[in-house]
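Peer 1: Next come a sequence and a model predicted from it.
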Amino acid sequence: MEFALPLLEWLTFGLRWLHVVVAIAWIGSSFYFIALDASLKDGEAWQVHGGGFYRMKKYLVAPPELPEHLTWFKWESYSTWITGFFLLATLYYGSASLFLIDPATDLLTPWQAIGVSLAGLAIGWFLYDSICTSDIGRSDRRLIVVLFVLLVLAAYFYTHVFSGRGAFMQIGATIATWMSANVFLVIIPNQKKAVAMLLKGETPPAYLGKRSKQRSLHNNYLTLPVVFLMLSNHNPLAFATQFNWVIIALLLIAGAAIRHFFNEMHAGRKEPWWCWAVAAACGVAIVALSLAGAPRDDAQAASLPPTRTQLVETVQTRCAMCHAAQPVWPGLAHAPRGVRLDSEAEIVRHLSEVRAQAGLSRAMPPGNLTEMTAAERALLRAVP
């Protein structure tokens, strides 16, 4: 047991590091190929990088003959999903009572929450893929609207059965599953079918490439929102507020608008500068909603700024069981993120962080496990 927790911490850190590295590789290749495809003129593009000149040529259906060596871009996607799922299992399933569920709602046990999460990933992919392959998928605009509504409904559902942190991570995992499954179940299989037909001397049908391109474009537009969602556990003002599901909806719009600007720019068309106005408006709305949705049950709030003694007693009573040199919560080897709140000096040092996590939002304590009262949260909000 002495070495088990440190080893688990190193395993988690290693997974985070690997997940970020492979995600960078996947996002980079995705952005590059979308930009390359958009910049082709008459199926050809010249590029310069690193002292060399590159001539790119695209075949809409298939080349007249297949080269001996092909470079497949797939393991970046697979590795990102695999490492992300292990992180989800290690952090959120392994500590479901802390991060995944909201004990205050008393809706799910940890095991039930894990089951809902796993089922949600599978059902989410089934619905997404079914919609894309239905008549709705023949119109890109109609498809985008339907998928947007689907994600917003999912966000509303998850924010009402999970904790805010867990709901954001679940939506991020759902989108990531769509993206990686697009590569594994649609894009790569279609490419393999095309290669097999070429080896037989046959001409692959155009719909194989068309379907793959549609899914690839979906991945491109969903990239920025999913990155934000995966980083959201560091931002309680996003996930631990009343309007968190609306924030997810606005995030989807903002991320898609930013990608649309760059996609149009790479295509050589007139830059749609309105995209930045849309993204900025969504950003302002997100900040406003995060503040409007913060705890406001401060009828018991002190009329004067709280004293240091009041603050120290509140934090030590409600937070120090985990944020201590030797946490008493099972499974914690050290204070989360190295933040210790077991002394007056440390509490004063981290007071602004405590205010954001427990005063301006209900992110901490997780699920209000230590039963922090409305009056105590009001004290933290009153910190000058």
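Peer 2: Sure thing, it's come through.
Peer 1: Compute the number of surrounding residues for the closest residue to residue 29 other than its chain neighbours.
Peer 2: Spatial nearest neighbour of residue 29, excluding adjacent residues (CB to CB, 6 or more residues apart in numbering): residue 73 at 5.1 Å. Every residue, glycine included, has its C-beta placed from N, CA and C. Here the count is done by other CB atoms under 10 Å, and residue 73 has 16 residues near it.
Peer 1: any idea which helix or strand carries residue 73?
Peer 2: Counting by DSSP states H and E, no helix or strand carries residue 73.
Peer 1: Report pLDDT for it.
Peer 2: Looking at residue 73, its pLDDT reads 83.
Peer 1: How is the protein divided into domains?
Peer 2: Per automatic domain parsing, the structural domains of the chain span 4-292, 308-381.
Peer 1: mean pLDDT for those domains: which is lowest?
Peer 2: Minimum mean pLDDT among the domains of the chain: domain 308-381, a mean of 77.
Peer 1: May I see the buried residues of the host helix or strand of residue 10?
Peer 2: Here residue 10 sits within helix 4-39, counting by DSSP H and E. Of the residues in helix 4-39, 15, 18-19, 22-23, 25-27, 30-31, 34-35, 37-39 count as buried by neighbour count, 16 or more other CB atoms under 10 Å.
Peer 1: One more: stretch 185-194?
Peer 2: If you call a residue buried by 16+ other CB under 10 Å, then stretch 185-194 has these buried ones: 186-188, 190-191, 194.
Peer 1: so how far is it off the chain centroid?
Peer 2: 26 Å (CA atoms, centre = their mean, to the nearest Å).
Peer 1: same check, this time on stretch 370-384
Peer 2: 29 Å.
Peer 1: Where do the strands of the chain begin and end?
Peer 2: 44-49, 52-57 (DSSP state E).
Peer 1: Now do the last one against strand 44-49, angle only.
Peer 2: Here the directions of strand 52-57 and strand 44-49 differ by 160 degrees (axes from the mean of the first three to the mean of the last three CA atoms, to 10 degrees).
Peer 1: The nearest residue to residue 352 once chain neighbours are set aside: neighbouring residues, count only.
Peer 2: Excluding its sequence neighbours, the residue lying closest to residue 352 (CB to CB, 6+ apart) is residue 383, at 7.6 Å. A total of 14 residues lie near residue 383 under the criterion other CB under 10 Å.
Peer 1: Repeat that for residue 51.
Peer 2: Count around residue 51 with other CB under 10 Å applied: 5.
Peer 1: show me the contacts for it.
Peer 2: Contact analysis of residue 51 by CB atoms under 8 Å, 6 or more residues apart in numbering lists nothing.
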